[in-house]
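In: take this sequence and fold it.
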Amino acid sequence: MFKVFSVPPAKKPQKDEVLKDDLVSRQSIVERDADALGFPGLGTLVLVEGDEMALARAAELFKGIAEELPPAKAAAVRQKIRDQEDDVAAGVGLIFR
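Out: Below you'll find the predicted structure:
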């Protein structure tokens with residue numbers, strides 16, 4: 001399970017506090033600049049993957065700080081992040097040939 005949150009630049013310090021939460025911090029968390037991923041105007045995108053309870057906790061803590069993206073957009077963001085990570089892994093593989 002996963003959720004994606006859009007954090008405006010002005011809320012970056014609050015975002016960092018949310019990600020330090022004991023339950024949330026134990027999940028898989030990826031942060032990316034929205035513009036660099038092709039989602040302009042969304043600030044920093046935070047992908048949180050983990051169990052249901054942790055995702056609910058993240059959503060609760062992000063209230064007033066970040067916007068939770070709707071499922072279709074969240075899935076598109078997650079796929080872009082995965083594609084980016086695959087590209088990096090493939091590039092590293094070429095270096096060590």
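In: could you say which helix or strand holds residue 5?
Out: Element membership for residue 5, per DSSP states H and E: strand 2-7.
In: the following helix or strand past that strand versus strand 2-7: what angle between them?
Out: Next along the chain after strand 2-7, taking DSSP H and E as the criterion, comes helix 12-19. Angle between the axes of helix 12-19 and strand 2-7 is 160 degrees (criterion: axes from the mean of the first three to the mean of the last three CA atoms, to 10 degrees).
In: surely residue 25 touches residue 18?
Out: No - contact criterion CB atoms under 8 Å: residue 25 and residue 18 do not qualify, at 9.3 Å. (Each C-beta comes from the backbone N, C-alpha and C, glycine too.)
In: which residues of this structure score low on pLDDT?
Out: Scanning the chain for pLDDT under 70 picks out the ranges 88-97.
In: roughly how far does residue 38 sit from residue 63?
Out: As for residue 38, its distance to residue 63 is 27 Å (criterion: CB to CB, to the nearest Å).
In: can you check residue 69 too?
Out: 14 Å.
In: do the same with residue 17
Out: Counting by CB to CB, the gap from residue 17 to residue 63 is 13 Å.
In: cool, residue 14 as well?
Out: Applying CB to CB to residue 14 and residue 63 gives a distance of 11 Å.
In: also residue 30?
Out: From residue 30 to residue 63 the distance is 21 Å (CB to CB).
In: the two: which has the busier surroundings?
Out: Between residue 30 and residue 63, residue 30 has the larger neighbour count (other CB atoms under 10 Å), namely 17 against 10.
In: so residue 86, which state does it fall into?
Out: Here residue 86 is recorded as helix under DSSP: H, G, I helix; E, B strand; the rest coil.
In: ok so, going back, between residue 25 and residue 18, who's got more neighbours?
Out: Between residue 25 and residue 18, counted using other CB under 10 Å, the more crowded position is residue 18 (22 against 12).
In: who's in contact with the nearest residue to the more buried one once chain neighbours are set aside?
Out: Spatial nearest neighbour of residue 18, excluding adjacent residues (CB to CB, 6 or more residues apart in numbering): residue 61 at 4.4 Å. Taking CB atoms under 8 Å, 6 or more residues apart in numbering as the criterion, residue 61 is in contact with 18, 21, 24.
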